[in-house]
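*Asks:* sequence plus the predicted model coming up.
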Amino acid sequence: MKNLHLVENPLIDRDITYLRNIETKEYQFRLALRRISYALVIDIAKSFGLKKISVKTPLEETVGHKLLHQIILVPVLRAGLSMVNSFIEMIPQAKVGHIGIRRDEKTLQPIEYYYKTPQNLDVSKVIILDPMLATGGSASAAVSFLKKRGAEDCTLATLISSPEGVAKMEADHPNVAVYTAALDRQLNENGYILPGLGDAGDRTFGTL
Ligand code: PRP
Ligand code: URA
């Protein structure tokens, strides 16, 4: 799994446990998800390029830095929305696109129901946000839709991944790095991640 970056931190392990726990209330679930998203963005940002600029302190002029590339965040609706705030707080100049993809519950195939992204995808660093990488159908489709519109540099940020989903991303999009906070055991017959956390969208938005 050469594209996989497992983001490790004891605070993440604690928060993943909150997410998994069936007893966790929506507000605690959202808070844990936001905290893990901070850890992800900090790790992903290690791959960002920097441009040198000069900056005047109250005492003298010195070398400073700004991000080399425009960052475009693309949450996959719905559940990806819950990761946006943490990423935006760390990258306030980021632009945000949206892709609506849902899985057909019977075929598990991805269906695109919404698409709107900022311009200049081709020269931007695009970060796709989706807490769950299960069969990989949604994430792979999201990357394909973005590539079709010109995106060249895509990264996927997820909270929990399955080995099947990571393998699909590697097969379909070998140049896309996958950052995840947990790599789980397997999928069940309905395409849910085991042990997983259940349905991320439903648990985030209280639509169970
Ligand atoms: C969930 C999740 C991913 C997708 C992962 O969305 O947020 O987008 O499933 O599954 P996959 O890897 O097998 O494609 P879902 O379709 O439940 O939509 P929702 O976010 O609106 O609940
Ligand atoms: N989508 C989810 O929200 N959870 C899973 O386990 C699989 C797909």
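*Replies:* Received the coordinates, thanks. Ligands and ions are numbered 1, 2, ... in the order given.

*Asks:* output the lowest mean pLDDT helix or strand found in the chain.
*Replies:* Across the helices and strands of the chain, the lowest-confidence element by mean pLDDT, DSSP states H and E is strand 98-103, at a mean of 89.

*Asks:* quick check: neighbours of that one in the sheet, parallel or antiparallel?
*Replies:* Next to strand 98-103 in the sheet, as set by DSSP bridges, lie strand 71-77 (parallel), strand 110-116 (antiparallel).

*Asks:* any idea which of these is most buried?
*Replies:* The highest mean neighbour count among the strands paired with strand 98-103, using mean count of other Cβ atoms under 10 Å, belongs to strand 71-77: a mean of 23. C-betas here are computed from N, CA, C, even on glycine.

*Asks:* what pLDDT is listed against residue 155?
*Replies:* pLDDT recorded at residue 155 is 98.

*Asks:* relative to residue 173, how far out is it?
*Replies:* From residue 155 across to residue 173, the span is 10 Å (Cβ to Cβ, to the nearest Å).

*Asks:* can you list contacts of the least confident helix or strand of the chain?
*Replies:* For strand 98-103, contacts defined as Cβ atoms under 8 Å, 6 or more residues apart in numbering pick out 74-77, 109-117, 128, 135, 137-138, 141-142, 145-146, 191.

*Asks:* quick check: buried residues in that strand?
*Replies:* By neighbour count on 16 or more other Cβ atoms under 10 Å, the buried set for strand 98-103 is 98, 99, 100, 101, 103.

*Asks:* before we move on, back to that, to ligand 1, which of the strands paired with strand 98-103 lies closest?
*Replies:* Distance to ligand 1, taken as Cβ to the nearest ligand atom, is lowest for strand 71-77 among the strands paired with strand 98-103, at 4.8 Å.

*Asks:* does the closest one come close to ligand 1?
*Replies:* Yes. Using Cβ under 6 Å from any ligand atom, strand 71-77 reaches ligand 1 at residue 76.

*Asks:* ok, and what's touching that strand?
*Replies:* 48, 80-81, 83-84, 87-88, 91, 93-102, 113-114, 117-118, 121, 124-130, 138-139, 142, 146, 151.

*Asks:* repeat that for stretch 34-41.
*Replies:* Counting by Cβ under 8 Å, 6+ apart, 7, 9, 11-12, 15-16, 19, 82-83, 85-87, 89-91, 129, 157, 159, 179, 181 sit against stretch 34-41.
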